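Asks: The following comprises the amino acid sequence and a computationally predicted model.
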Amino acid sequence: MTKSNKMILGKCEYDPELRELSIEGQSPQVIGHVQAKLLQLLYSNPDQYFSNDDLQREVWDGRVIENTTIRTTVSYLRKALGESEDCKYIDSGRNKGYRFVADIEEITPQRQFKRFFPFAVIAGLAILLIYVVFQSSPPQVVPKIETTLVGQELEATVSGELMVFSHKPEGSETWNLFSKEIGKERYFRLTDGPFNDRKSALFKNGTHLAFNRHDGEKCQIIVAELTKGKHELINEKSVFSCPNGYFIASLAWQSSSSLYLTLARSMTDKYRLEIFDIETKELTPITTPSSSGRGDYYVTSNESAKKVSYLRNITGNKTEVWVYDEISKQSRIVASIPLILMTAGWISENELVVRTGWGQLSLLDIKNGELQKVFETGDKISYPFVINKSSVGYMNGFLTVRDIVQTELNGNTKNVISSSFRDFNPVYAEEDGSIAFISNRTGKYQIWIRNKVGELTQVTQFDQNLRIGNLTISRNGKYIAFVINAHLQIMRTDGTLLFQSKDGHFNKNPAFSHDSEKVFYASELEGEWYIEYRALGNLKIKNRLDKGYVIAPCAETDCFYYIKHKESLLYKSVGGESFSTGVTLNNIASPAQLKIVGELVYYLNREGKQSELLVQNMMTKEVNHVMPLSTSGFSTQNEPFYVFTSKSREPETLLLSVKVEN
C-alpha cells in the first residue's frame, strides 16, 4: 500500500496526505498527526497485533510514554472512524495489543486515472517535475512531536531539559500548567483549578516559575518554586493582583526579584513594557508605544546578553520587533514583519527566532535586522519558543477553527465543510447548489467553491494575506463578487477576473440580481452611499440608483430592497419608484445579514454578544425567533429551507520541535 493513495477503510474513505476521514453522510474530519500515524500502521498491517511497546517504537519513535496515552489515542481514533458494536475497526486482544479488523481497499492511481483521464498527462509531468526538484533539494526537516496529550497545548517555556506549557484537556473550559522533560513522554500536572493558568516563564535555572492566573473576573501573577525531579510547585504565592481594568499579555524574568510585564491599564490603553519589583510591588514603565495598534504585547528576556525583546503591534497585520538594552536603558527597532507575531525567542545573544510566514520560522539578527529562513512546513506554526541553541518548538495548528454548517428550522445542524482551518462567510448559489466561502487552508485567505457533489476548488490565487469581505455568489453559481479594502471585484467562479474598481472609488456590499445578470453594490460619493449596479454583459458602465447601503434584490425584474447608511428602515424600489415597507431592522451592515423570501424578512439581530436569526412578516409586522447564530452573517437555501453559517470549534493542537542551524 502507498501512503499517498486514498483508502477505503470499512465505511470510511481516508486521505493520508490530508489526514482526512470521510464517513458517508457526514462532513470530512482531519485527524491529528499521531492518530494518522497510528491508523497508517494498523491498516498497513491488517490482522497483526501491535503491543504497547510496538506502538511506542513505531508511532512515538521509541519515546517512553504512558499506557494511558496509547489508550486515549486509540479511543480518539475509534471515535473518528465512527466505530460501533456493529462496525468494528480496531480490535484490542487481551495481552496482545491492537489490530485493524475492518475491510481495506486501496484507491490505486490506476483507478484514479480512469476518473481523471483528461488530466493524466499533466499530472504525470507534474510528478516528474516534483521528482526532479526534490532530487536536487536538501533533505526535508521532519518536526518531532513533543506533546501527545488529548486537547490543546500552547505557550511553552523551557529551562535546560524542563518544559512547562499550558494545556486544556478535551472537553475542559480551563487552562492549567503541565511539565515534562524534553524528549520524554511523562507529564506532570502543576496546577489544577477553575481558573486559567497561562503565559508562564521559567527562571534561568529552572527553580522558579511565574505565570498569569485569570479566574474569569481578574488576573494575578503567581510565583512558585519548582522542585527538581518531583515536578511540583511549592510556596505558591500571588505577587501581583491586577487592578480593575488591567490586562497582562506576557511576562518574563528580569532577576530573581523582578519581572518584565507587558501591561495595559484599561480597555483603551496600549500595552506597554514595564518592570515589576516583586518585593516592593512597584511598576516602572519602560516603553511608550505608538498611538496606533495594540502596543507592546509580548516580551522575552536574554539574561546573559542583558537584553530584552518585545513585539509591538502597529496596525492590522504588522509587527515591529524591538530590543531594549538593560545597560544603556535604550530601545531600538530591529525589524518590521507583515504578520501578527504571537511570540519570539532568544536562540543566541544576537539572534531571535520569529515566525515569518504561515508555516515558516526564521532567525532574526538583531544587529542588522536580517532574516534567515530556517524551517518551513505546510502546517500552521504558532507560538514559537526556544528549547536550546539548536532546537525550536512551536504549537502546530489553530486554537479555534471554523466549519461551514447547515441548520434546519427544527434546529438540526450538520457540518457541510469541515477542516483544520478557518472556513467562513458561506454563500449559497440557489440554482447551482454550490457554496462559495473564504478559507485560510492554503496559508493565505482565498475564496473557495464547493460544488453540489462536494468537490472543492480554489478560486483566487492571492499572494498576500488580504482581508476579503462581503463575498456573494450568483444564483446560477457562475459568478462571485467580493470586496478587498473597500474595492469591488467581480470574478467568474473559474477564477477569471472580470472587474475591479479603481483606487479612490470605495464600494461595499455587492449582491447579484435574481436573474444573475447584474451586480448591485453600494458606492460612496462625498460621504454619501448610493446604490449602483453593473450589468455582467457590460461591466464598464455603472448605473446609479437611490441612496442606500445594504441591498437585497427581489425575484422580480428592476426590483430591490435596501437600507440607507446608518438607518434602520427597509425600503423597496420597483421600476425606479421607492417606498417604505414599514419594517425596521437595527444594525444591518451587509447583505449577509438580510434575506427576503416573498413577504418574509430574515435578518440578523444582535444584543450585546448574542446573535440570533429573526423573521418578520412585512404585511403583519409579526416577528418570530428562528435560531441562535454564532456568526455575523448567514446564507439560505429556500426549498427546503436551510441556513448556512460558520461555527467555531476547538481542534486538537500539539507542541512540535525542529532542529535549526544558526
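Replies: Ah, there it is. Numbering: from 1, shown residues only.
Asks: From here on, just use CA atoms for contacts and neighbour counts.
Replies: Will do.
Asks: low-scoring stretches of the stretch 451-600 of the chain, by residue?
Replies: Along the stretch 451-600 of the chain, the parts satisfying pLDDT under 70 run over 503.
Asks: what do you get for the stretch 251-400 of the chain?
Replies: Using pLDDT under 70, the flagged stretches of the stretch 251-400 of the chain are 316.
Asks: if we go to 80?
Replies: By pLDDT under 80, the weakly predicted segments of the stretch 251-400 of the chain are 315-317, 378.
Asks: which residue ranges form the strands in it?
Replies: Here the stretch 251-400 of the chain has its strands, by DSSP state E, counting those that start in this stretch, at 258-264, 272-277, 283-285, 295-302, 307-313, 319-325, 330-337, 345-348, 351-357, 360-365, 371-376, 381-388, 391-396.
Asks: Go through those and name the closest to Ile551.
Replies: strand 307-313 (35.6 Å; C-alpha to C-alpha).
Asks: Strand 351-357 and that closest one, what's the angle between them?
Replies: In terms of direction (axes from the mean of the first three to the mean of the last three C-alpha atoms, to 10 degrees), strand 307-313 departs from strand 351-357 by 20 degrees.
Asks: that older thread, now the strands of the stretch 251-400 of the chain as JSON lines including mean neighbour count and distance to Asp15?
Replies: Shown next, in JSON lines, are the strands of the stretch 251-400 of the chain (neighbours: other C-alpha atoms under 10 Å; distance: least, C-alpha to C-alpha, whole Å):
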{"stretch": "strand 258-264", "mean neighbour count": "24", "distance to Asp15": "44"}
{"stretch": "strand 272-277", "mean neighbour count": "23", "distance to Asp15": "47"}
{"stretch": "strand 283-285", "mean neighbour count": "14", "distance to Asp15": "53"}
{"stretch": "strand 295-302", "mean neighbour count": "25", "distance to Asp15": "39"}
{"stretch": "strand 307-313", "mean neighbour count": "24", "distance to Asp15": "39"}
{"stretch": "strand 319-325", "mean neighbour count": "20", "distance to Asp15": "37"}
{"stretch": "strand 330-337", "mean neighbour count": "15", "distance to Asp15": "35"}
{"stretch": "strand 345-348", "mean neighbour count": "22", "distance to Asp15": "36"}
{"stretch": "strand 351-357", "mean neighbour count": "22", "distance to Asp15": "26"}
{"stretch": "strand 360-365", "mean neighbour count": "22", "distance to Asp15": "25"}
{"stretch": "strand 371-376", "mean neighbour count": "17", "distance to Asp15": "22"}
{"stretch": "strand 381-388", "mean neighbour count": "23", "distance to Asp15": "22"}
{"stretch": "strand 391-396", "mean neighbour count": "23", "distance to Asp15": "20"}
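Asks: Around Ser630, how many other residues sit close by?
Replies: 16 (other C-alpha atoms under 10 Å).
Asks: how close does the closest residue to it other than its chain neighbours sit to Gln360?
Replies: Closest residue to Ser630 apart from its sequence neighbours, by C-alpha to C-alpha, 6 or more residues apart in numbering: Lys647 at 6.1 Å. Going from Lys647 to Gln360 by C-alpha to C-alpha, to the nearest Å gives 28 Å.
Asks: can you check Lys318 too?
Replies: 16 Å.
Asks: just Leu42 next, same as before
Replies: Distance from Leu42 to Gln360, by C-alpha to C-alpha: 32 Å.
Asks: With Leu55 instead?
Replies: Counting by C-alpha to C-alpha, the gap from Leu55 to Gln360 is 31 Å.
Asks: list the contacts for the residue lying closest to Ala252 once chain neighbours are set aside?
Replies: Nearest non-adjacent residue to Ala252, counting by C-alpha to C-alpha, 6+ apart: Tyr260, 5.1 Å away. When contacts are counted by C-alpha atoms under 8 Å, 6 or more residues apart in numbering, Tyr260 touches 251-254, 273-276, 299.
Asks: Quick check, Glu282 in contact with Phe276.
Replies: Yes. If you go by C-alpha atoms under 8 Å, Glu282 and Phe276 touch, sitting 5.7 Å apart.
Asks: re the thing from before, need the strands of the stretch 251-400 of the chain in CSV (columns: distance to Arg198).
Replies: As requested, these are exported to CSV (distance: least, C-alpha to C-alpha, whole Å):
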stretch, distance to Arg198
strand 258-264, 14
strand 272-277, 18
strand 283-285, 21
strand 295-302, 13
strand 307-313, 18
strand 319-325, 22
strand 330-337, 26
strand 345-348, 17
strand 351-357, 20
strand 360-365, 23
strand 371-376, 27
strand 381-388, 13
strand 391-396, 14
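Asks: now for these, which one comes closest to Tyr530?
Replies: strand 307-313 (35.2 Å).
Asks: one step back: what packs against the helix or strand containing the residue nearest to Ser630?
Replies: Using DSSP states H and E, Lys647 falls within strand 642-649. Packing contacts for strand 642-649, counted by 3 or more C-alpha pairs under 8 Å, 6 or more residues apart in numbering; DSSP states H and E, involve strand 401-408, strand 423-428, strand 635-637.
Asks: if you set the cut-off to 6 Å instead, what comes out?
Replies: Secondary-structure packing of strand 642-649 (3 or more C-alpha pairs under 6 Å, 6 or more residues apart in numbering; DSSP states H and E): strand 401-408, strand 635-637.
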